[in-house]
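Peer 1: below are the sequence and a predicted model; questions follow.
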Amino acid sequence: MEPGPLHATLAAAAAWLVIGAAGLIRPRNLALSSRFLFPAGAVVGLALAAAALEGVFSAPHSLVLPLGLPDLPFHARTDALSSFFLLLLGAVAVGVSLFACGYLRPGEGTPPGLQCLYYHVFLASMALVLVADDAYFFMVAWETMALASFFLVTSDHQHAEIRRAGYLYLLIAHVGAIAILLCFGALQAGTGDYTFDNMRAVQPSAGYATAAFLLALVGFGAKAGIVPLHVWLPEAHPAAPSPVSALMSAVMLKTAVYGMLRVTLDLIDQPLWWWGVIALALGLVSALGGIVFAAVQTDMKRLLAYSSIENIGLIFAGFGLTLIFRGFGMGALAALALTATLYHCLNHAFFKSLLFLCTGSVLHATRERSLGKLGGLIHRMPWVAWCALIGSVAIAGLPPLNGFVSEWLLLQAFLLSPGLPQSYLNMLVPVAAAVVALTAALSGYVMVKFYGVVFLGQPREPKLAEARDAGAWERTGLAWLAAMCIVLGLVPATVIGLLDPITRALTGHGMASLAQGWLFLAPLQPERASYSPLLFFAVTALLVALTWLAVRAFYHGRMRRAAPWDCGFPFQDARMQDTAEGFGQPVRHVFEPFFRIEQHVPSPLDARPSYREVHEDRLWYWLYLPVARAAEYATSLVTLLQRGRISVYLTYSFATLLVLLLFVG
Amino acid sequence: MTSVPGLVAQFAVLALAVLLAPMLTGWVNQCRAWLQNRSGPGLLQPYRVLDKLFSKEVVLAHNASPLFRGAPYLIFGCLALAAAIVPKIGTDLPLNAAADAIALVGLLALARLFIALAGMDVGTAFGTLGARREMLVGFLAEPALLMVLFTASLISGSTSLATIVEVLAHKEFVIYPSLAFAGVAFTMVSLAENARIPVDNPATHLELTMIHEAMVLEYSGRHLALIEWAASLKLFVYSCIGLALFFPFGVAQRGDWLGLLLALPVLGLKLAVGGFLLALIETLSAKMRIFRAPEFLATAFLLAVLAMLLHVLLGG
């Protein structure tokens, strides 16, 4: 058989595993990992991306691997959908691995060689999840991914809160894994054959299909961070080293989206429309909740983690809309919604990994993660600051960068929905569009807070004066990701051509024939809606340049430096700027019912006044603590049986034997 | 779509909008002065202010970054483009296909993001205060504006501004209940977005109440001139969006050159009436506390969502 993209993918995964194992040769040698192994990993990522790009346009291709248990071999397969996610994985891995070359430092938690092992096993397992074609292989790869990322999250395991974050992550990952396993059980419909081919062939009854969908929603939703299973995300992302947070947020969350798409649109061929309503509702709640929580965060990585919940929420909202359209047999609109969903996956992968890496550089330069102790870094770290600006504008969903394109497509899909045969749904759709618009506007607020507090203004601590800009490796990684944000924003029609085979395979309708050439993006007809980012960008740039030249030509370019004016107030220091808490206060005020707030306000007579405010998620108290208490109570009942005396245990055995004999007799 | 006369017309419209926008601000100020029994500085006062500011040298804070210096040009460029894509006198312009209603809202949001970042750049107490308040107004006003535009695009079946105006201008004259709700919402949003009185006061430098002025406090010379000019353009853009959605009569159709000539005085008349009404609203209302502003804007947002729901329910 001709070697194709599937072989290349498997080779890339194998290469990553070998690179990871090579880290064990001399685990404490930093130069080996950061100068040879991580750059090699980046090259493998690039090769994988190239192979996957070919794979998107090739016919599905499958293989039975000589691995696995006897009589239970691994099945692997690439098609347009998995190739698209492999492309995302490869392209992000290039940037993150390059960054990681310069990021590793001696004496930070786990030795570099071991980190190299976990990191590359993590990458390889994500690639294998995407090519797995039977439930067994999928679960093995899925669990390897969960374990590798768990070890990466707990790199700095000396700190108790990091161990706690890792434990929470592992717990929720496993609850999710059980749900996914049960989902595959429901899908094989009693045939006992767990290959995906068989699942495609058998048509489970509506009840089993619904059960499979709901289990998939729990399982993949837990990995993706959908409310209410999102609590691990804001704990695990800040705990992990920044390249790992970037990979987890950018790619690992997307593997969950991939699983969701694979199960509902491929394995179950005929989704029911009301599944889409559930996904849409959960997505919107996650999007709004995520961004509101992001607005009040004071730790920069937690802020980004909540923003990931928001973006995953938007992706699930688009996915829900796809299911609704698909359920009603409106193929063209389902294709539009699916395009928006996949485009947003791609966008989020790039801008979120870019921003996480920027926080990594800031963290290394300043040893500070709290927003209240940063500030003014645009002067000290211009390279990181400008890359972060691109990421911030992109994540805020503003033209002409990539975030806007997927938002635009999603809103177009909402605007076209009032043709649905269900009148109640028709009424809900404007409300859903309003939530999406509100979320997008709030993400602008959050990004002004993030960027303004970290990079602009005056440094809030004297030690920030010693901050150094990122090194050459880190810069290259950041520049790669920033460039992708710009490219994806400027040539959306080309990217939609890339998504076309997927929408054709999953919804039966393509979008490429409807794009108006490479310059204009017009999902239906140009009279209905069109957007041309290149033209938009060119005209804005032209106007800015013309303004600059005209001002110089007609007037002058004189300039003088002086102290800031600030209404003539002479005593200003860095502490008079808004803190992160201050900047988030209006959102806290407007969305007060979302939070459980603990406030400590000093009395007027306090000699050393201190002010403390803690915002917590109500879900902890409404869902997680009751569940934890119930689990503890159940285990305490079990301990009643444990008496610690052998005679009692023998009595148990005897009683069990008697009961069994009753059944046999 | 892109013909030479089309391009010429596009740039003529752009230049006209950019050059005449300050006059609208002057007119509103003049009307305000009349309503307050003052004689007023005349229509050309904004131009004199701009000329004065352009002639002065820039006094820049020591720690101002390149972002601070670049932002005024970017904001001006964004708003000039916005002024170019809103249909004013004709609908047959090449840039209309480059950006639709959603892109227009995105463009305005981009300008807002940069002005807020510039406000935080020097790191003064007022700058961050202004940026925070501006974003507070923005995160409620932006979705409300989007919902207003969505109502219009649901009626016309398109998000392209040109198509919206063509459809709305040609419908028979009946009052759409959804558009009535959208109109109220739009008025509230434009008052907030243009730093007008119930939400902000463009003439104040009273520290505790200002929003827009607090953000641009550190700007001077040509940078300030560009920001003031951009503010005028923003008022012009919002007026034109309002006219295009709710009073689209008299806008020339594709290829109608005579209509184009006629449309210009009609636009002037409509803007003059609109500017007078704005001055009237500003004179009749009192500025509200900053924490009433979210309620005001949330009302606007809900009205706009209601407008969309009404359209879906009543089909009109």
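Peer 2: Arrived safely, thanks for sending.
Peer 1: where do the strands of chain A begin and end?
Peer 2: In chain A, the strands defined using DSSP state E lie at A:61-69, A:72-78, A:559-562, A:595-600, A:612-617.
Peer 1: what pairs with the third one, parallel or antiparallel?
Peer 2: Okay, so that is strand A:559-562. In the sheet, strand A:559-562 lines up against strand B:58-61 (parallel) (DSSP bridges).
Peer 1: C-alpha coordinates for the following helix or strand past the partner strand, CSV please?
Peer 2: Scanning forward in sequence from strand B:58-61 by DSSP states H and E, the next helix or strand is helix B:66-85. Output in CSV follows, covering the C-alpha atoms of helix B:66-85 (Å, rounded to 0.1, in the frame of the first residue of the first chain):
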residue,chain,number,x,y,z
PRO,B,66,4.8,53.5,20.9
LEU,B,67,1.3,52.1,21.3
PHE,B,68,0.2,55.4,22.9
ARG,B,69,1.6,57.4,19.9
GLY,B,70,0.2,55.1,17.3
ALA,B,71,-3.3,54.7,18.7
PRO,B,72,-4.7,58.1,17.6
TYR,B,73,-3.8,57.3,13.9
LEU,B,74,-5.3,53.8,14.2
ILE,B,75,-8.5,55.1,15.8
PHE,B,76,-8.9,57.8,13.2
GLY,B,77,-8.3,55.3,10.4
CYS,B,78,-10.9,52.9,11.8
LEU,B,79,-13.5,55.6,12.2
ALA,B,80,-12.8,57.0,8.8
LEU,B,81,-13.3,53.6,7.3
ALA,B,82,-16.5,53.2,9.3
ALA,B,83,-17.7,56.5,7.9
ALA,B,84,-16.9,55.2,4.4
ILE,B,85,-18.9,52.0,4.7
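Peer 1: tell me what helix B:66-85 is packed against?
Peer 2: On a contact count with 3 or more Cβ pairs under 8 Å, 6 or more residues apart in numbering or on different chains; DSSP states H and E, helix B:66-85 meets helix A:533-554, helix B:4-35, strand B:58-61, helix B:101-121, helix B:221-246. Heads up, the C-betas are built off the backbone N, CA and C, glycines and all.
Peer 1: so which of the strands of chain A is the most packed in?
Peer 2: Among these, ranked by average contacts under mean count of other Cβ atoms under 10 Å in any protein chain shown, first place goes to strand A:72-78 (a mean of 21).
Peer 1: now the helices and strands packed on helix B:66-85 as TSV including mean neighbour count and mean pLDDT?
Peer 2: Listed next are these as TSV, based on neighbours: other Cβ atoms under 10 Å in any protein chain shown; pLDDT from 0 to 100:
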stretch	mean neighbour count	mean pLDDT
helix A:533-554	16	92
helix B:4-35	18	90
strand B:58-61	20	94
helix B:101-121	26	95
helix B:221-246	24	94
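Peer 1: of all these, which lies closest to residue A:361?
Peer 2: Nearest of these to residue A:361, taken as Cβ to Cβ: helix B:101-121 at 19.3 Å.
Peer 1: between the closest one and helix B:66-85, how many degrees?
Peer 2: Angle between the axes of helix B:101-121 and helix B:66-85 is 160 degrees (criterion: axes from the mean of the first three to the mean of the last three Cα atoms, to 10 degrees).
Peer 1: and residue A:650, how many neighbours?
Peer 2: By the criterion of other Cβ atoms under 10 Å in any protein chain shown, residue A:650 has 10 neighbours.
Peer 1: and it, what's its pLDDT?
Peer 2: Per-residue confidence (pLDDT) for residue A:650: 91.
Peer 1: closest residue of chain B to chain A?
Peer 2: Using Cβ to the nearest Cβ, the closest approach of chain B to chain A is made by residue B:123 at 3.1 Å.
Peer 1: which residues touch that residue?
Peer 2: By Cβ atoms under 8 Å, 6 or more residues apart in numbering or on different chains, the contact set of residue B:123 is A:375, A:376, A:456, A:457, A:458, A:564, A:574, A:577, B:63.
Peer 1: so it: helix, strand or coil?
Peer 2: What DSSP: H, G, I helix; E, B strand; the rest coil gives for residue B:123 is coil.
Peer 1: once you drop chain neighbours, what's closest to it?
Peer 2: Sequence neighbours aside, residue A:457 is the residue nearest to residue B:123 in space, at 3.1 Å (criterion: Cβ to Cβ, 6 or more residues apart in numbering or on different chains).
Peer 1: ok, that neighbour to residue A:574 distance?
Peer 2: Separation of residue A:457 from residue A:574 (Cβ to Cβ, to the nearest Å): 7 Å.
Peer 1: list the residues that contact both of those two?
Peer 2: By Cβ under 8 Å, 6+ apart, the residues touching both residue A:457 and residue A:574 are A:375, A:376, B:123.
Peer 1: tabulate the residues you listed (a markdown table), appending distance to residue A:393 and pLDDT.
Peer 2: Formatted as a markdown table, those follow (distance: Cβ to Cβ, whole Å; pLDDT from 0 to 100):
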| residue | distance to residue A:393 | pLDDT |
| --- | --- | --- |
| A:375 | 20 | 90 |
| A:376 | 20 | 91 |
| B:123 | 21 | 89 |
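Peer 1: my guess is residue B:99 meets residue A:531, correct?
Peer 2: Yes. Using Cβ atoms under 8 Å, residue B:99 is in contact with residue A:531, at 6.3 Å.
Peer 1: returning to that earlier point: ok, so of the contacts of residue B:123, who is nearest residue A:344?
Peer 2: Closest to residue A:344, out of all of the contacts of residue B:123 and judged by Cβ to Cβ, is residue A:456, at 27.8 Å.
Peer 1: and the pLDDT at the closest one?
Peer 2: At residue A:456, the pLDDT value in this model is 94.
Peer 1: residue B:256 now?
Peer 2: Looking at residue B:256, its pLDDT stands at 67.
Peer 1: residue contacts, the residue nearest to residue A:82 when sequence neighbours are not counted?
Peer 2: Among residues not flanking residue A:82 along the chain, residue A:130 sits closest, at 4.7 Å (Cβ to Cβ, 6+ apart). Counting by Cβ under 8 Å, 6+ apart, residue A:130 touches A:9, A:82, A:85, A:86, A:89, A:255, A:258.
Peer 1: phi, psi of the closest residue to chain B within chain A?
Peer 2: Closest residue of chain A to chain B, Cβ to the nearest Cβ: residue A:457 (3.1 Å). Dihedral pair for residue A:457: phi 80, psi -160, per degrees, to the nearest 10.
Peer 1: for burial, what's the neighbour tally of it?
Peer 2: Burial of residue A:457 is recorded as 27 neighbouring residues (other Cβ under 10 Å).
Peer 1: show me what from the stretch 51-200 of chain A comes close to chain B.
Peer 2: Contact residues, the stretch 51-200 of chain A versus chain B (Cβ under 8 Å from any Cβ of the partner chain): none.
Peer 1: just for chain A, where's the confidence low?
Peer 2: Within chain A, the ranges that satisfy pLDDT under 70 run A:1, A:107-108, A:418, A:512-518, A:523-527, A:665.
Peer 1: so what's the residue nearest the centre of it up against?
Peer 2: Using Cα atoms, centre = their mean, the residue of chain A that lies closest to the mean C-alpha position is residue A:249, 3.5 Å off. Residue A:249 sits next to A:237, A:304, A:305, A:308, A:352, A:353, A:356 when contact means Cβ under 8 Å, 6+ apart.
Peer 1: any figure for the gap between the closest residue to the fifth one other than its chain neighbours and residue A:106?
Peer 2: Spelled out, it's residue A:352. The shortest distance from residue A:352 to any non-neighbouring residue, by Cβ to Cβ, 6+ apart, is to residue A:249 (4.9 Å). Counting by Cβ to Cβ, the gap from residue A:249 to residue A:106 is 26 Å.
Peer 1: then residue A:216?
Peer 2: 43 Å.
Peer 1: again with residue A:360
Peer 2: Distance, residue A:360 to residue A:106, using Cβ to Cβ: 16 Å.
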